[in-house]
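Asker: Coordinates only, no sequence provided:
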């Protein structure tokens with residue numbers, strides 16, 4: 001199974017999604033995380049398995065996700081995600097020839113924009129008054145800078161379609177490998193961009209204890225590109 005299950009109990013899964021695999025493709029015979037996890041549950045026996053998708057990562061993005069195994073847990077986790085009780089941290093390698101590319105610092109910067117999803121499954125920065133435009137906000141700090149590359153740690157304040165990819169690109173810092181939003185090819189694996197969900201924290205829907213998962217091996221700047 002491509003999906004890496006890091007934690008499992010009667011209420012939920014915490015998984016690491018590989019880049020290139022969709023969370024839920026909607027296409028017959030195309031592998032995705034939902035299908036793999038449902039097959040895993042079916043092999044364990046019992047009634048038809050329930051799997052609640054709480055949040056998503058774009059196909060070329062890797063990292064941590066939580067899935068619910070019953071409707072009560074799904075409702076609770078979804079509410080946490082909407083109310084920002086669920087904390088999500090990402091790392092990204094960004095590229096720019098702009099001398100304004102951030103330098104390593106403990107200081108956090110905030111990006112605030114309005115995003116609109118278009119019919120071609122891309123997103124764009126929109127005017128606040130434009131119909132369908134939604135507030136998008138994230139904060140980031142620079143962990144490392146080498147030449148025209150920088151390693152950023154990012155915290156999402158909202159969860160919009162392609163938000164990190166679009167906002168960083170709009171700020172003149174497209175993610176390495178994200179050719180859709182203005183960067184060039186990536187040294188990452190095929191089908192991947194240099195963006196990963198590295199930390200996930202939430203309240204367990206039944207016990208109310210805080211669960212926190214953080215990847216041991218985190219993204220680092222490449223020596224060459």
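Answerer: Cool, the structure landed. This is a predicted model, so every value here is computed, not measured.

Asker: Chain neighbours aside, what residue packs nearest to residue 102?
Answerer: Leaving aside its sequence neighbours, residue 102 sits nearest to residue 142 (C-beta to C-beta, 6 or more residues apart in numbering; 4.0 Å). All C-beta atoms are positioned from the backbone trio N, CA, C, and that covers glycine.

Asker: shouldn't that neighbour be in contact with residue 108?
Answerer: No. Look at residue 142 against residue 108 with C-beta atoms under 8 Å: they stay out of range, at 9.7 Å.

Asker: Those two: who's more crowded?
Answerer: residue 142 (20 against 12; other C-beta atoms under 10 Å).

Asker: Name the residues of the helix or strand hosting residue 6 that are buried.
Answerer: Taking DSSP states H and E as the criterion, residue 6 maps to strand 4-8. By neighbour count with 16 or more other C-beta atoms under 10 Å, strand 4-8 contains no buried residues.

Asker: again with stretch 83-94
Answerer: Buried residues in stretch 83-94 (16+ other C-beta under 10 Å): 86, 88-94.

Asker: Strands along this protein, start to end?
Answerer: Residue ranges of the strands in the chain, as given by DSSP state E, are 4-8, 12-17, 52-53, 62-68, 87-95, 109-117, 123-125, 134-146, 149-156, 195-203, 210-214.

Asker: What helices and strands are in contact with the helix or strand of the chain with the lowest mean pLDDT?
Answerer: When the helices and strands of the chain are scored by mean pLDDT, DSSP states H and E, helix 33-43 comes last with a mean of 90. Counting contacts by 3 or more C-beta pairs under 8 Å, 6 or more residues apart in numbering; DSSP states H and E, helix 33-43 is packed against strand 12-17, strand 62-68.

Asker: Out of these, indicate the one that is most buried.
Answerer: strand 62-68 (a mean of 23; mean count of other C-beta atoms under 10 Å).

Asker: Next one: residue 64 from residue 162, what distance?
Answerer: For residue 64, the distance to residue 162 (C-beta to C-beta, to the nearest Å) stands at 18 Å.

Asker: One more: residue 138?
Answerer: From residue 138 to residue 162 the distance is 12 Å (C-beta to C-beta).
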